[in-house]
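Peer 1: Predicted model and sequence follow; I will ask about them next.
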Amino acid sequence: MSKRDRESHTFHEIVPAPIYFLKHMNWLLFGVFLSILIMLVEIDGAAQERAKFEPPAGRQLLIIGQDLGAIGGFAAPDNAGYVDHLDLKPGGVTTYTSLPYLQGLDQQVNYGSGDICAQHILDNPIYADSVLAIGLYLVGQEKSIAGGEQDEKIRSLAKWIKKTHRPVFLRIGFEFDGSWNHYDPTSYKPMFRRIVSIFSEMHVDNCATVWQASASPANGNNNKAINDWYPGDEFVDWIGFSCFLTGPRQFHLTDKVLAFARAHHKPLMVCESTPEGYDNLNLTKRNTGAGDGKPGENSKPKTPEEIWNEWYAPFFDYIEKNKDTIKVVAYINVNWDVQSLWAPPYRQGYWGDTRVEVNPVIKAKWIQMISQSKWMLASPSLFSDLGFTRN
C-alpha cells in the first residue's frame, strides 16, 4: 500500500462516510449553483436574441397598406377597404411621410396614390391594437440631413412617433438601392446614422429602424452590393425588402437580402408586397414592364385559382420556408389602376388591382391563410407579445 493509499485509508477509518460526504458538500453545491447560473445566462441570451418588436418564435406579424382607402374604416371615399370587408383586423398598417415637410403625419395628403394621414389611423378605434409602419421618403435630402440641416425636423418626427404610444417600424430611406431613388451610398449612410442617433438621444423607445432594399428585377443597381448602403449593425434593428413578383428572378434577389440579414443576425421584414400585374377584380394578368414587355399590354384572362397559385401560393411558401428570418409581412391591398400615379399610361409600370376582398375565391383563400395561428393580427395583447409596454 502506497503512502497516499495509507493516508486515504486512515482518513476513512477516522472520519465516517457521512462526515466525509459533508466535507465535500460545498463543492457539490458550487457545481449545482454553477449549472443554474449557466442556464440563466443561456435563457437571458436567448431572450436578448429577439430584436426590437420581433414576434415570438414561430409567429409572424401581418401588416396591410398603403393608404387610407386601401386599409379602409374611414369616411367616404376611404370606407371600402380591407377592414370594411374582413373581420380579421391587421396587426399593423402602412403609411408614409417625408423630410423636410413631414406631410401625411397630422394633415391628410394625396400625391396620386391614395389619401394618407397617420394621425387618422391613430385616432381610429379600429386600429387601436395595430402597429404602425412608416415609410420615410428622403430622396434628394441625404446631404442636408447628414450635415445636420434638418435636425429640428427629425426631432419633430421623433416627438410625433413617441406620442403614438405603440410600436412603430420606421423604414428610413426605403428601397435605398432602387435606381429610381438615386440614393448615393456615401451620403445615405451618414444620413441614416444621424436620424437614428437623434432618435436614440431622444429615447424614442417605441421605434424600430428598418433598412429596406428594393430586391426588384427592374432595379438598375442590381450589380451593386447592398452592403454599400449599410449604415452598420448598431443603427439597424430590422432589414427589409420589397416583393412584387414570384419567380426565379425575384427570389434570387430576395435570397441575397435574406443571406445578408442572417449574416448580420437581423430579423427580416417584407416591407412591401403585392401581386404586380394581376387584376383580382377583372381576373387578368398583364405585362408589368419589369422586363416582360410594355406595361399594361398582353392582357390574359385568369381564374381566381390561377392568380392564387401563380402569385399568392409561391409568395406564402417563400415566407414559410424562411420563417426563421422573415418575421413581418406587409401586403399592399390596393386598386392601383384608379390611382393617378399608377394609372394609364403606366409610366410607373402596370400594377393592376390587388385587393383580396374583390373576388370571393381569393378572399376565402386569404382568410384561410391568415387565420393560421402563426399570424399575429390586431389584439389587446399584440403590443405586449411584441415586447412593448404601452405607457
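Peer 2: That came in fine, so what should we check first? Numbering: from 1, shown residues only.

Peer 1: Which secondary structure element is home to the residue nearest the centre of the chain?
Peer 2: Residue closest to the average C-alpha location in the chain (CA atoms, centre = their mean): residue 269, at 2.9 Å. Following DSSP states H and E, the helix or strand that holds residue 269 is strand 268-273.

Peer 1: How many neighbouring residues does the closest residue to residue 340 other than its chain neighbours have?
Peer 2: Of all residues not flanking residue 340 in the chain, residue 112 sits nearest, at 4.1 Å (CB to CB, 6 or more residues apart in numbering). Where C-beta positions appear, they are placed from N, C-alpha and C, glycine not excepted. As a burial measure, residue 112 scores 10 neighbours (other CB atoms under 10 Å).

Peer 1: how about residue 112, secondary structure?
Peer 2: coil (DSSP: H, G, I helix; E, B strand; the rest coil).

Peer 1: swap in residue 204?
Peer 2: On the basis of three-state DSSP, residue 204 is classed as coil.

Peer 1: tell me the contacts of residue 320?
Peer 2: Applying CB atoms under 8 Å, 6 or more residues apart in numbering to residue 320 gives no contacts.

Peer 1: wait, isn't the residue nearest to residue 340 in contact with residue 341?
Peer 2: Yes. Taking CB atoms under 8 Å as the contact criterion, residue 112 and residue 341 are neighbours in contact, 3.6 Å apart.

Peer 1: Go ahead and confirm residue 104 touches residue 113.
Peer 2: No. Using CB under 8 Å, residue 104 makes no contact with residue 113, being 11.0 Å away.

Peer 1: Give me the more crowded residue out of these two.
Peer 2: Each of residue 104 and residue 113 had its neighbours counted (other CB under 10 Å), and the higher figure belongs to residue 104 (24 against 18).

Peer 1: Next up, the contacts around the more buried one.
Peer 2: 95-98, 116-118.

Peer 1: coming back round to it: now do the very next helix or strand once past the strand holding residue 269: which elements does it pack against?
Peer 2: Scanning forward in sequence from strand 268-273, with DSSP H and E defining helices and strands, the next element found is strand 278-279. Taking 3 or more CB pairs under 8 Å, 6 or more residues apart in numbering; DSSP states H and E as the contact definition, the neighbouring helices and strands of strand 278-279 are strand 284-285, strand 352-353.

Peer 1: tell me, how many neighbours does residue 146 end up with?
Peer 2: Other residues within reach of residue 146, judged by other CB under 10 Å, total 19.

Peer 1: pretty sure residue 257 is in a helix, no?
Peer 2: Yes. Using three-state DSSP, the secondary structure at residue 257 is a helix.

Peer 1: closest to residue 374 among the contacts of residue 104?
Peer 2: Within the set of those, residue 95 lies nearest residue 374; the separation is 25.2 Å, counting by CB to CB.

Peer 1: how close does the residue nearest to residue 340 sit to residue 245?
Peer 2: Noted for residue 112: a distance of 23 Å to residue 245, by CB to CB, to the nearest Å.

Peer 1: likewise residue 175?
Peer 2: Using CB to CB, we find residue 175 at a distance of 15 Å from residue 245.

Peer 1: Between these two, tell me which one has more neighbours.
Peer 2: In this comparison of residue 175 against residue 245, neighbours counted by other CB under 10 Å, the higher total goes to residue 245 at 27 against 24.

Peer 1: For that one, which non-adjacent residue is closest in space?
Peer 2: Per CB to CB, 6+ apart, closest to residue 245 is residue 276, 6.1 Å.

Peer 1: Can you report how many residues lie near that neighbour?
Peer 2: Here the neighbour count serves as a burial measure; for residue 276 (other CB under 10 Å) it reads 27.

Peer 1: pLDDT averaged over stretch 115-132 - what is it?
Peer 2: In this model, stretch 115-132 has an average pLDDT of 98.

Peer 1: Identify all contacting residues around it.
Peer 2: Under the contact criterion CB under 8 Å, 6+ apart, stretch 115-132 has outside partners 53, 61, 63, 67-69, 71, 73-74, 78, 83, 89-93, 95-97, 103-110, 134, 160, 164, 166-169, 378-380, 382-383, 386.
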